[in-house]
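*Asks:* Quick one: sequence plus predicted model below, questions after.
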Amino acid sequence: MKLYLKFDINSICKKVLQEQLDSLHLNYTVLGFGEVELNNSPSKETIKKLNQSLNDYGISVVESHKSVLVQKIKDAIVEMVYSDEKLSTSKTSAYLADKIGQSYGYISNLFSDVTYTSIANYIILQKIERAKQLILTNELTITEIAWKLNYSSVAHFSNQFKGATGLTPSAFQRIIDKRKNNIRNI
């Protein structure tokens, strides 16, 4: 039997992080998505154990200043795209500059230098991943998904989706529906 799951990646990450920090008896405060303040100075061995336990979940402690900023940019984008609300129509550049506390020109150049891709491309990839999740839940139509992700039109959404996945959203949805029907028939 196959189960289809709906999940909140932010909640999952926060829960895993809290469990791992608690297991090492660390005194901490979760400041925001991807940011924790340790209220005492743990030993290097404890930090090493924390890093190892988090790596099992695909989470790593970021150490360089540039990497920290890039991670903050990624976290802000993920938070923006995965919000339950409709994506804001305000400029992403203004949102990120405000959220990170740096000029957009600086964070854009830094992001490109470190990741070898642009912030715009990263946002598109995150929006497509979010769209796939929304299609899997079958709660919204393609038009509603395009609106929720703040695309100017369904055609624009379809073009970006096809560019990233090789399929139109409708074709992706048909494949998912066919798989669900095949599983039900087994």
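*Replies:* That came through, no problem. Numbering: from 1, shown residues only.
*Asks:* The protein: helices as residue ranges?
*Replies:* Ranges of helices in the chain, per DSSP state H, are 9-23, 44-55, 65-81, 92-100, 104-115, 119-137, 142-148, 154-165, 169-185.
*Asks:* Tabulate those in CSV, adding columns for mean neighbour count.
*Replies:* To be clear about C-beta, it is placed using only N, CA and C from the backbone, and glycine gets the same treatment. Shown next, in CSV, are these (neighbours: other Cβ atoms under 10 Å):
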stretch, mean neighbour count
helix 9-23, 14
helix 44-55, 13
helix 65-81, 17
helix 92-100, 16
helix 104-115, 16
helix 119-137, 18
helix 142-148, 18
helix 154-165, 16
helix 169-185, 13
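*Asks:* Mean pLDDT and distance to L31 added to those, as JSON lines?
*Replies:* What follows is those, written out as JSON lines (pLDDT from 0 to 100; distance: least, Cβ to Cβ, whole Å):
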{"stretch": "helix 9-23", "mean pLDDT": "84", "distance to L31": "11"}
{"stretch": "helix 44-55", "mean pLDDT": "86", "distance to L31": "16"}
{"stretch": "helix 65-81", "mean pLDDT": "88", "distance to L31": "11"}
{"stretch": "helix 92-100", "mean pLDDT": "89", "distance to L31": "13"}
{"stretch": "helix 104-115", "mean pLDDT": "92", "distance to L31": "19"}
{"stretch": "helix 119-137", "mean pLDDT": "93", "distance to L31": "22"}
{"stretch": "helix 142-148", "mean pLDDT": "93", "distance to L31": "28"}
{"stretch": "helix 154-165", "mean pLDDT": "95", "distance to L31": "32"}
{"stretch": "helix 169-185", "mean pLDDT": "86", "distance to L31": "36"}
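*Asks:* So for L3, which of those helices sits nearest?
*Replies:* The closest of these to L3 is helix 169-185. By Cβ to Cβ, the value is 9.8 Å.
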